[in-house]
Each structure stands twice: as structure tokens, then as C-alpha cells.
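[1] A structural model of the following input is requested.
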Amino acid sequence: MDIHEGPHGRFKVIDHLAFGKLIHKWANDASTAPTSIEELKAALEPGIALVPTRYTQMRTVQPEEEEFILRLPPRHMINNTIEELNGPASDPKSTYAVPDFYFLKMRSPDGSPASVSNAFINNGDFFYSRVADYTISVCR
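    Here you go, the predicted structure:
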């Protein structure tokens, strides 16, 4: 089963840069943003991202600058992730995969790539840190 399939399916982003540019377009002209899962799939698949198969409806929200929307993840999704990350190290699901652009940003000045390590932060703590980051970050 692919990451975008099943009851805990997540977006499978193929091209983060293209996805970000599309979101930028939608943010500047909300009338061009998709209003249904079918429209979202048409805009993203197959080259930008695969939409989770579990989604049957969507809502687009664009707050004003003075409004903060506390967007909580579905309870079963966050708990499933923690359960998987706490699984045996031999289980591929216990590895916290990060998007490739993180490694591009973390290259050393000589161009050598960074590598994933649990030496300074474990997968669970990294996940919690990312949850905090994407819950409160607004285009920064």
C-alpha cells in the first residue's frame, strides 16, 4: 500500500516546489483554488502530489492577517504516527521520512549532503517538533 492509500493515507508529494507555487497562486486568487476533492486531484495528480484516497470532502480556508486558525490533525492520524514511530527499528514505518528539500537546504557549503541521524533528536521528538511547526507556521 502506498503512503496516500488506506485509512491513514497522507499526501504523497512528488514536487514540493510545484505544489508551493500552486498554493501561492491559489492564495493570491482564491477563485482559482479547488473546491472539491475531484478538482484538487485534477490540479495535483499525477505530477505534483497524490491525494489521500480516504478524502471525500474538502474545505478551503484563507484567514485574514489578524486571524489565527488552530488546525488540529485528526486524532487517529497523530496517534497512528506516534504508534508507528515507536515501533521496532526493523519496521520501515518506524523511520521518520522527511521531504527531500530539507536535505537540499541542509547541505554544507562544499555541497556535501546532510544525512538523517537520531544522534541529536529521535524520530518521535522530531515529529512533535514538526507538528508544532506546521500547526503555527503561516508562510514562514
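[2] going forward, measure contacts and count neighbours with C-alpha atoms only.
    Noted.
[3] so how far is Phe101 from the residue located most distally from the centre of the chain?
    The C-alpha centroid of the chain is most remote from Asp110, which lies 28.9 Å away (C-alpha atoms, centre = their mean). Distance, Asp110 to Phe101, by C-alpha to C-alpha, to the nearest Å: 17 Å.
[4] what's the answer for Thr95, then?
    Thr95 is 17 Å from Phe101, by C-alpha to C-alpha.
[5] between the two, point out the one with more neighbours.
    Shown here are Thr95 and Phe101; by other C-alpha atoms under 10 Å, Thr95 has more neighbours (18 against 11).
[6] who's in contact with that one?
    By C-alpha atoms under 8 Å, 6 or more residues apart in numbering, the residues touching Thr95 are 85, 89, 123.
[7] grab the nearest non-local neighbour of the second one.
    Counting by C-alpha to C-alpha, 6 or more residues apart in numbering, Thr95 is the residue found nearest to Ala89 once chain neighbours are left out, at 7.5 Å.
[8] again, but for Ala27
    Gln62 is the one closest to Ala27 (C-alpha to C-alpha, 6+ apart), at 7.5 Å.
[9] which helix or strand lies directly C-terminal to the helix or strand hosting Ile23?
    Following DSSP states H and E, one finds Ile23 within helix 16-28. Downstream of helix 16-28, the next assigned helix or strand under DSSP H and E is helix 37-44.
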